[in-house]
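**Q** Give me the fold of what follows.
(4 chains, ligands or ions: 4)
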There are 2 protein chains.
Amino acid sequence: MENKLTDCDHRHNPKLKGLRMTRQRCAVYQVLMAHRDHPTAGEVYDRAKHSMPTISLATVYNCLEALVQHGAVRQVNFERESSRYCPNLTEHGHFHDEKSGTIIDVPLKKGIHLSDLLELPAGAQIDNLEITLRGKIIHQPSLTTHP
Amino acid sequence: MENKLTDCDHRHNPKLKGLRMTRQRCAVYQVLMAHRDHPTAGEVYDRAKHSMPTISLATVYNCLEALVQHGAVRQVNFERESSRYCPNLTEHGHFHDEKSGTIIDVPLKKGIHLSDLLELPAGAQIDNLEITLRGKIIHQPSLTTHP
DNA sequence: ATTGCACATTAGAATCATTCCAAATTTAGA
DNA sequence: TCTAAATTTGGAATGATTCTAATGTGCAAT
Ligand SMILES: [Mn+2]
Ligand SMILES: [Mn+2]
Ligand SMILES: [Zn+2]
Ligand SMILES: [Zn+2]
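**A** Ligands and ions are numbered 1, 2, ... in the order given. This is a model prediction of the structure:
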């Protein structure tokens, strides 16, 4: 995937409106948008160095924090592992496949209300919800037959 | 709440069956059962020292790990904060009240299936589910009137 | 009740993701 | 262009957790 300069241009990307844009933030943002997976800060650092060999790890942490605060990307945590960063802004949880180590986005079904699922505390105003799943992908024998 | 010696006795507590019981594991387990809140390892350490002043922090970590592996307590993580430990073995999520810092158990409603809520990946076998909420408790003005 | 040994405890050192620091640089609006 | 405020940077600091290796103990089998 090419680096589109407009990715980091406020005029074309409303998600970044109001966030002061630096070369470094642009590079970090493009790293996340390019693969749409869930890299750690260290992995973002490695990828960002391709287009900007002088960027520092501290800056990658700073940029990721700015993007998260701004709501342009999400931070994802599994147990006590390194934080990961997610470019998918739709409501979703995360499935960690223990076999492959992959993290898979798990969309919430439409029209589901939290109060349908949980006995929420009275007066609770929910600012943030995180749903995390761990397990294995079992290969189902295909039901279709090969003639 | 009193320390009941039988808390850590395999004959009276099936949750600990098969787990080799030491004075330290008993003390740590009793700490968790006594308050039924969500202390960090450091907080468990401080409390355990009341009944066993010589216990070490490394041992508290070891005991907590053993109890978690055994399924006798649960480990709970919020973002990158210190792990917390939970004695409630029923299916529930956790609400972190940003005002008070308290963590409140949030029971799952009966008869809810994950597949009702999430578009699970095909063939996913879920070994672990974590639901984490962050927010504030808003005090509702009471609807009852005082004469 | 004794014994043997696999497993547990302990203090302290090591790890390592993340945050902090303070000096140099850059952004973006006036 | 000029300036103030924000950002970047390399390196040091932090802090929760894990590791190490010496010592101690639970408990099943005798
Ligand atoms: Mn993994
Ligand atoms: Mn808090
Ligand atoms: Zn995601
Ligand atoms: Zn709980």
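**Q** neighbouring contacts of the top strand by length along chain A?
**A** Selection of the longest strand in chain A by residue count, based on DSSP state E, yields strand A:124-137. Strand A:124-137 has contacts (Cβ atoms under 8 Å, 6 or more residues apart in numbering or on different chains) with A:76-78, A:91, A:93-100, A:106, A:108, A:114, A:120, B:95, B:97-98, B:118, B:120-138. Any C-beta I mention is one placed from the backbone N, CA and C, and that applies to glycine too.
**Q** then that strand to CSV, C-alphas only?
**A** Taking C-alpha atoms only, strand A:124-137 is exported to CSV below (Å, rounded to 0.1, in the frame of the first residue of the first chain):
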residue,chain,number,x,y,z
ALA,A,124,-23.0,3.9,35.5
GLN,A,125,-22.0,6.1,32.6
ILE,A,126,-19.8,3.9,30.3
ASP,A,127,-16.9,5.8,28.7
ASN,A,128,-15.1,2.8,27.4
LEU,A,129,-15.8,-0.9,26.7
GLU,A,130,-13.2,-3.5,25.9
ILE,A,131,-14.0,-7.0,24.9
THR,A,132,-11.1,-9.4,24.7
LEU,A,133,-11.2,-13.1,23.7
ARG,A,134,-8.5,-15.7,23.8
GLY,A,135,-8.6,-19.1,22.2
LYS,A,136,-7.9,-21.3,19.2
ILE,A,137,-9.3,-21.5,15.7
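**Q** Now do it against strand B:124-137, angle only.
**A** Counting by axes from the mean of the first three to the mean of the last three Cα atoms, to 10 degrees, strand A:124-137 points 170 degrees away from the direction of strand B:124-137.
**Q** And DNA strand C, is strand A:124-137 touching that?
**A** No - applying Cβ under 7 Å from any atom of the strand, one finds strand A:124-137 separated from DNA strand C by no less than 14.8 Å.
**Q** returning to that earlier point: out of the contacts of strand A:124-137, which end up buried?
**A** Listed as buried from the contacts of strand A:124-137 are A:76-78, A:93-97, A:106, A:108, A:114, A:120, B:95, B:97, B:118, B:120-121, B:124, B:129-135, B:137; burial here means 16 or more other Cβ atoms under 10 Å in any protein chain shown.
**Q** mind listing the helices in chain A by residue range?
**A** Applying DSSP state H to chain A gives helices spanning A:23-35, A:41-51, A:57-70, A:114-117.
**Q** Could you point out which of those helices sits nearest B:Ser56?
**A** B:Ser56 lies closest to helix A:41-51 among the helices of chain A, at 32.1 Å (Cβ to Cβ).
**Q** and A:Asp9, what does it touch?
**A** A:Leu16, A:Met21.
**Q** Show the backbone phi and psi for it.
**A** A:Asp9 adopts backbone torsions of phi -90, psi 120, taken as degrees, to the nearest 10.
**Q** Roughly how far does it sit from ligand 3?
**A** Distance from A:Asp9 to ligand 3, counting by Cβ to the ion, to the nearest Å: 24 Å.
**Q** Compute the number of surrounding residues for A:Ala34.
**A** Applying other Cβ atoms under 10 Å in any protein chain shown, we find 16 other residues in the vicinity of A:Ala34.
**Q** Burial check on the nearest residue to A:Cys63 once chain neighbours are set aside, number of neighbours?
**A** The spatially closest residue to A:Cys63, leaving aside those adjacent along the chain, is A:Val28, at 4.0 Å (Cβ to Cβ, 6 or more residues apart in numbering or on different chains). Close neighbours of A:Val28, defined as other Cβ under 10 Å, add up to 29.
**Q** cool, and A:Leu117?
**A** 18.
**Q** excluding its backbone neighbours, what's nearest it?
**A** Nearest one to A:Leu117, counting by Cβ to Cβ, 6+ apart, is B:Ile112 at 5.4 Å.
**Q** quick one: that neighbour and A:Leu114 touch, right?
**A** No - the criterion here is Cβ atoms under 8 Å, and B:Ile112 misses it with A:Leu114 at 11.3 Å.
**Q** Figure out how far the helix-or-strand element of chain A with minimal mean pLDDT is from the centre of its chain.
**A** The least trusted helix or strand in chain A, going by mean pLDDT, DSSP states H and E, turns out to be helix A:114-117, with a mean of 88. The gap between the average C-alpha position of helix A:114-117 and the chain average comes to 24 Å, counting by Cα atoms, centre = their mean, to the nearest Å.
**Q** now what about that helix, what contacts it?
**A** A:Leu120, A:Ile126, A:Leu129, B:Leu108, B:Lys109, B:Ile112, B:Leu117, B:Leu133.
**Q** Quick check: phi and psi at the fifth one.
**A** Recorded main-chain torsions at B:Lys109 are phi -70, psi 150, according to degrees, to the nearest 10.
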